[in-house]
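> this one's sequence-less:
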């Protein structure tokens, strides 16, 4: 029975990685096509949806670990020569988590309220490292593409060796796992977990840290359990709890937020993948930048679910919503649950508009434009529909005694505030003409 590298159980191998390696090598030996399948699946993730998401995925994993521990966390990013270090506080890695990392598509987060799927998203780190390590208070593990190739070659299975040769010796990085050495146990102060990424040749650690710095503000807005990102040039913090406050500050930027949540009707869950059916609560947040730099047709944003997707949007505010996603988490999965969540989120948009001063409200009516995506088309129609019936336009007096819900408040009263009436009338007339063409 092939075992690859062996390690003594007990303190030297706290997660019994020897058994995990043995099981994988046995499966590959029995069916070399399985080795090929695993290698192709990892490569597809690397070249596809996860090709540039290493920091997003590590931030999601850190936020999920903090949520499981009932805390908020700071993500600490440092470069030490050609090794990138990303550390956080939170629930440490356990045996189920290690098995999830090594399984590629079977996350230990099944049924949890977390954002990510550690077994899938962690594959993003292979875009920058062939030998990632995860070190926690309970032990550490290391993956190594070259070491995996040697273990495959040493397995003594001709069919498996032939498959490796056909791939020019390229093995998957994340299927075989080993314990870290005794000299790798030290963690930064306050950290429960650190991911260490020896970088591929040709990659610059400072460039990757700069990428993390650029992505940090959006992630702090999206992930409630992530409170700060500690970078070499300073700490980017979020002030205000996304779950409670009406105003959140991320770094130097203020956001006005409106949240909603509810249960997904049980009748709709049957259309989801089996493991997704355990997530029965949807959440949505509308976030409006306080600096006036609104999104729109000239400055498109993307839907966040809750981290960035590739679904472009042209609404003035950002939507963060827990809609079902394709496996790469870049595109929304069509279906009844998605339609339900987007419609429910759009119904709360007038609350965001109503919370702003009267003179700011016209700019929050979606500007006429061709939709930037199918998601954008759905949201635009639903948001405009909600604005047609929700009470948000103040009367001429400027008082906030708004019409009752259900009133056709956008059949504008000429006696209303002239500057608001004129701006809204022009925008809605253009929108209706465009809508008719579409």
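That came through, no problem. Bear in mind that the values here come from a model prediction, so they are computed numbers and not experimental data. Numbers count the residues shown, from 1 in each chain.

> quickly find the element holding the nearest residue to residue 146 once chain neighbours are set aside.
Distances taken as C-beta to C-beta, 6 or more residues apart in numbering put residue 130 closest to residue 146, at 6.8 Å, once the chain neighbours are dropped. In short, each C-beta sits where N, CA and C put it, glycine included. Under the criterion DSSP states H and E, no helix or strand holds residue 130.

> so what's residue 130 up against?
Residue 130 makes contact with 144, 145, 146, 173, 198, 200, according to C-beta atoms under 8 Å, 6 or more residues apart in numbering.

> how much space separates residue 280 from residue 263?
Separation of residue 280 from residue 263 (C-beta to C-beta, to the nearest Å) stands at 6 Å.

> cool, residue 196 as well?
As judged by C-beta to C-beta, residue 196 and residue 263 stand 41 Å apart.

> same thing with residue 85?
40 Å.

> likewise residue 101?
31 Å.

> ok, these two, which is more surrounded?
More crowded of residue 101 and residue 263, by other C-beta atoms under 10 Å: residue 101, with 26 against 9.

> check the secondary structure at the more buried one for me.
Assigned by DSSP: H, G, I helix; E, B strand; the rest coil, the conformation of residue 101 is helix.

> wait, residue 382 touches residue 343, no?
Yes: using C-beta atoms under 8 Å, residue 382 makes contact with residue 343 at a distance of 5.4 Å.

> more neighbours: those two, which one.
Applying other C-beta under 10 Å to residue 382 and residue 343 shows that residue 382 carries more neighbours, namely 18 against 15.

> which non-adjacent residue is nearest the more buried one?
residue 346 (3.4 Å).

> so which elements touch the strand or helix carrying that neighbour?
Here residue 346, judged by DSSP H and E, is contained in helix 336-347. With contacts taken as 3 or more C-beta pairs under 8 Å, 6 or more residues apart in numbering; DSSP states H and E, helix 336-347 sits against strand 253-263, helix 266-269, strand 281-289, strand 318-321, helix 374-389.

> buried residues in that helix?
Across helix 336-347, burial judged by 16 or more other C-beta atoms under 10 Å covers 336, 337, 338, 340, 341, 342, 344, 345, 346, 347.

> show the subsequent helix or strand relative to it.
Immediately after helix 336-347, counting by DSSP H and E, sits helix 349-354.

> show residues contacting that next one.
If you take C-beta under 8 Å, 6+ apart as the criterion, helix 349-354 is touched by 256, 258, 286, 288, 315, 317, 361, 364-365, 383, 386-387, 390-392, 402.

> any weak-confidence spans in this structure?
The chain contains residues with pLDDT under 70 at 1-11, 48-51, 104-120, 241-245, 394-438.

> who's in contact with the residue nearest to the spatial centre of it?
The residue lying closest to the centre of the chain (C-alpha atoms, centre = their mean) is residue 307, at 3.3 Å. Shown in contact with residue 307 (C-beta under 8 Å, 6+ apart): 56, 59, 60, 115, 218, 219, 222, 223, 329.

> give me phi/psi at residue 236?
Backbone torsions for residue 236, taken as degrees, to the nearest 10, come to phi -100, psi 120.

> so where do the strands sit in the protein?
With DSSP state E as the criterion, the chain has strands at 73-80, 83-88, 133-136, 139-142, 178-179, 193-198, 226-231, 234-239, 247-250, 253-263, 281-289, 301-304, 308-313, 318-321.

> check the offset of the fifth one from the chain's centre.
Just to be clear, that refers to strand 178-179. Between the centre of strand 178-179 and the centre of its chain there are 28 Å (C-alpha atoms, centre = their mean, to the nearest Å).

> check the last one too.
Per C-alpha atoms, centre = their mean, the displacement of strand 318-321 from the mean C-alpha position of its chain is 12 Å.

> which other helices and strands does that strand contact?
helix 205-222, strand 281-289, strand 301-304, helix 336-347.

> can I get those in CSV with distance to residue 122?
Compiled in CSV, those are given as follows (distance: least, C-beta to C-beta, whole Å):
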stretch, distance to residue 122
helix 205-222, 16
strand 281-289, 24
strand 301-304, 20
helix 336-347, 26
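
> and among the ones you listed, the most buried is which?
By mean neighbour count, with neighbours taken as mean count of other C-beta atoms under 10 Å, strand 301-304 ranks first of the helices and strands packed on strand 318-321 at a mean of 23.

> which members of the contacts of residue 130 are classed as buried?
144, 145, 173, 198.

> measure the residue nearest to the third one when sequence neighbours are not counted to residue 198 for me?
Translated: residue 173. Closest residue in space to residue 173, ignoring its immediate chain neighbours: residue 145 at 4.1 Å, by C-beta to C-beta, 6+ apart. Distance from residue 145 to residue 198, counting by C-beta to C-beta: 11 Å.

> which neighbours do these two have in common?
Going by C-beta under 8 Å, 6+ apart, residues that sit against residue 145 and also against residue 198 are 130, 131.

> tell me, how many residues neighbour residue 129?
Using other C-beta under 10 Å, residue 129 has 23 other residues around it.
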